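Enquirer: what's the 3D shape of this:
(2 chains)
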Amino acid sequence: MTGLERWRRWALVGPPFLWLLLFFLLPLGIVAAISLSQATDTIPPYAPLVVHGPSGFETAATLGNYRLVVEGDFHPYFNSLIYAAAATALCLLIGYPLALAIARAPKSWRNLLLFLVVLPFWTSLLIRVYAWIAILQPTGLINRVLQGLGLTHAPLMLIYNDFAVVLGLVYGYLPFMVLPLYGSLSSMDEALVEAAADLGGSPARVFRAVVLPLSLPGVAAGALLVFIPAIGEFVIPDLLGGPSTLMLGTLLWQEFFAEVDWPAASAVAMVLVALVTAPVLLAQRLSERPV
Amino acid sequence: MSRITLVRAAALAFGFGFLYLPLALLVAYSFNASRLVAVWGGWSLHWYGELARDAKFRDAALTSVEIAVIAATLALALGTGAGLAMARVARFPGRAVFGFLLLAPLVVPEVILGLSLLLLFVASQAWFGWPASRGVATVTIAHATFAACFVAVLVRAQLAGFDRSLEEAALDLGATPGRVLWQVTLPGIRAALVSGWLLAFTLSFDDLVVASFVSGPSATTLPMAVYSSVRLGVTPEVNALATAFISGVAILVGLAFALIARQERQRRQAWA
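Expert: Predicted coordinates for the structure are as follows:
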């Protein structure tokens, strides 16, 4: 390879590589370091990790922030996992029939229908969550309709609970489930489906024996695309949830902004990184497994 | 196979009803004369007038546009370079690490991106005195970082389907590699570049979480302004703002989709 080619190659790779090292990897390293530090009342509110004491340099690292994370209230961790899992299951339940119907719609419709699935994703999540507040709140649309019809006398509590959080997660992340499902359903060889039907399989049997197994890669991809961002979500549990529906994203936000405890927020961040990495590694392992 | 049966129509109606009814209600109530959100008081453009007079939202919108334009342009440059490198340079030192760094920001939660960048800016201020204060510049850097990874994914995907023999033919005919890049490769992945810039712009314009961490008192973005007024309760003025926003997005994204679809059709016709 000539020197000029090498120069050109680094002109391409160099800037984004340096940028990501500086503005992604290094900051994560700082979070890891500060998660071992002690909270103080100074600016910035954490103690230096290495101090110059009477006997030379000493480390002041502590695992105390993680102990707080473990000994403290567990429910943000359970909430994050359970809400994310419930939202994934419900997205699959709503998204699968939708993706199948789009994949089987006349060809000229498909692009428009897909466009309509993606469009909400382009409008801000904040606005989409806000739309639900007006519907669910005690003076909101559902309660007014129920009371207007005389079905209920007092407003039902539909918001600031786990129902509203899971509903918000499903609403926010449904497009992520439909797209990969559509991908695997529309690229399926239709001759297989027709052959199974010609051989006398009932529609339910054809679905169970042919369509569903062939769409499993799409199911797995969609589940990951919903589950992973849902675990660390902040806006949805913050606006639709209450004190009992704290998730890890809201916990981190509270530790940082309300408690001004940067080391504790950093420790939560490290746990969250671990929770998000596990499903990614699992998916990688599964996709590399010989079939 | 390709037809609409009753069951399929029901699945479509339920899915799209779920996706669009809340937005439709939001839009309808922005034209409501009543101050109470769920009480219909007749049609009115009152709240759009209020919105137009509200300096807080106007300033925030201008700040957001400024940040999103610069961040999307920066992300396009970085992400295109990264996508080209991953798709066209088979071996370079640190390729595996680079590939990981390009994908990781897509799965790391926003709260962590925001927290980690803020801690970086605070530490760098203590050591080097930069950035002297946080605001437009720090938010722009943060947005360009994660948006670049999305651009890289789009560029890489389109390069995978791009006929490489065109580049080789241009090289054989004596074009310099730089000229091939500018006159063959980049025009060939135009759709990815356009949609990449638009996606980066939207990601930046929509972001609340990262900006809340890395911004300072000098810069409030539109989502930050909306968030603080939503925390105080639902107001028809926010409905008007949301309606304006949804219409803007629908028009922009619709145009982009139509453009890309037309390009696809022309290419298919050219091959046929």
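
Enquirer: and the closest residue to chain A within the stretch 51-200 of chain B, backbone torsions?
Expert: For the stretch 51-200 of chain B and chain A, the shortest gap (C-beta to the nearest C-beta) falls at B:Pro109, measuring 2.4 Å. All C-beta spots, glycine's among them, are computed from the backbone N, C-alpha and C. When read as degrees, to the nearest 10, the backbone of B:Pro109 gives phi -60, psi 150.

Enquirer: quick one, phi/psi of the residue nearest to it when sequence neighbours are not counted?
Expert: Distances taken as C-beta to C-beta, 6 or more residues apart in numbering or on different chains put A:Gly232 closest to B:Pro109, at 2.4 Å, once the chain neighbours are dropped. Backbone torsions of A:Gly232, given as degrees, to the nearest 10, read phi -100, psi 20.

Enquirer: again, but for A:Pro155
Expert: Dihedral angles for A:Pro155 - degrees, to the nearest 10 - are phi -60, psi 140.

Enquirer: residues in contact with residue 172?
Expert: Because you didn't say which chain, this covers chain A. Neighbour list for A:Gly172: A:Leu125, A:Arg128, A:Val129, A:Glu233, A:Ile236 [criterion: C-beta atoms under 8 Å, 6 or more residues apart in numbering or on different chains].

Enquirer: does it count as helix, strand or coil?
Expert: helix (DSSP: H, G, I helix; E, B strand; the rest coil).

Enquirer: distance of it from chain B?
Expert: Distance of A:Gly172 to chain B, given as C-beta to the nearest C-beta, to the nearest Å: 11 Å.

Enquirer: before we move on, what about A:Ser80?
Expert: Counting by C-beta to the nearest C-beta, the gap from A:Ser80 to chain B is 10 Å.

Enquirer: going on from the helix or strand where that residue lies, what's the next piece of helix or strand?
Expert: A:Ser80 is part of helix A:75-103 when elements are defined by DSSP states H and E. Scanning forward in sequence from helix A:75-103 by DSSP H and E, the next helix or strand is helix A:107-122.

Enquirer: now do the next helix-or-strand element following that following helix: which elements does it pack against?
Expert: Beyond helix A:107-122 in the direction of the C-terminus, DSSP H and E gives the next helix or strand as helix A:125-136. Judged by 3 or more C-beta pairs under 8 Å, 6 or more residues apart in numbering or on different chains; DSSP states H and E, the packing partners of helix A:125-136 are helix A:141-148, helix A:162-186, helix A:235-240, helix B:6-29, helix B:222-231, helix B:236-271.

Enquirer: in the shortest one, what's buried?
Expert: The neighbour-count criterion (16 or more other C-beta atoms under 10 Å in any protein chain shown) identifies A:Val235, A:Ile236, A:Pro237, A:Asp238, A:Leu239, A:Leu240 as the buried residues of helix A:235-240.

Enquirer: tell me which residues of stretch B:203-216 are tucked away?
Expert: B:203-215.

Enquirer: closest to chain A out of those?
Expert: Taking C-beta to the nearest C-beta as the measure, B:Asp206 is the one of these closest to chain A, at 4.0 Å.
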